[in-house]
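Participant: fold the following for me, if possible:
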Amino acid sequence: MTLDDIKKLIANHESTCVEFKQSMAELDKLGKAICGFLNTQGGIGLIGITNQGKCIGIEVTESTKNKLSTFCNHFEPWPELTIDYIPMETSNRQIIAITATPRNDTMPFVYRHTPYLRN
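Facilitator: Below you'll find the predicted structure:
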C-alpha cells in the first residue's frame, strides 16, 4: 500500500469498509471495526488519520509494533490481517494500514470475546 492509495481511501471517507483512527489510543475501537470487517466483506483500518480525513500520521516505535502484535491476539479465530507502515512525505511519521480479509470458513470472528458486524 502506498501513500497515494491512502489518499484515495481518505477521499472516499469512512465507510462500511474503511475506518479512520487518529492514534494508537483508539486501537480498541479499531479492533471492533476490524472484527466487523472480518465478519462481512473485509476492509481497512487506518491509524494516523483524523475523523475529518486529515493525514497526520503517528510516530511508529518498537512499542507501537508490540501493541499491534498484542492487538492481533485479541481476535478469534486467528484473522488474516496485513499491517503496512506507510511513510509520510514531509515528516518521520507513518500511517498504519491494517487490511482485514474475511474467510467465510471461519466466521464469525470475535474481538475480545465479542462478535461485531460492520454495516
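
Participant: next, the contact list for the nearest residue to Glu14 once chain neighbours are set aside, please.
Facilitator: Leaving aside its sequence neighbours, Glu14 sits nearest to Phe20 (CB to CB, 6 or more residues apart in numbering; 5.6 Å). (Glycine included, C-beta is placed from N, CA and C.) Residues counted as contacts of Phe20 (CB atoms under 8 Å, 6 or more residues apart in numbering) are Ile10, Glu14, Leu46, Ile49, Thr50, Asn51, Gly53.

Participant: where does the nearest residue to the fourth one once chain neighbours are set aside sit: helix, strand or coil?
Facilitator: Distances taken as CB to CB, 6+ apart place Phe20 nearest to Ile49, at 4.0 Å, with adjacent residues excluded. In terms of secondary structure, Phe20 is strand; the call rests on DSSP: H, G, I helix; E, B strand; the rest coil.

Participant: lowest-pLDDT helix or strand in the protein?
Facilitator: Here the helix or strand of the chain ranked lowest by mean pLDDT, DSSP states H and E is helix 3-11, holding a mean of 92.

Participant: please identify the buried residues of it?
Facilitator: Ile6, Leu9, Ile10 (16 or more other CB atoms under 10 Å).

Participant: contacts only, for the closest residue in space to Arg93 that isn't next to it in sequence.
Facilitator: Take Arg93 and drop its neighbours on the chain: the residue closest to it by CB to CB, 6+ apart is Gly57, 3.0 Å away. Applying CB under 8 Å, 6+ apart to Gly57 gives the contacts Gly48, Met88, Ser91, Arg93, Gln94, Ile95.

Participant: now the fourth one: how far from Val110?
Facilitator: With the distance defined as CB to CB, to the nearest Å, Arg93 ends up 32 Å from Val110.
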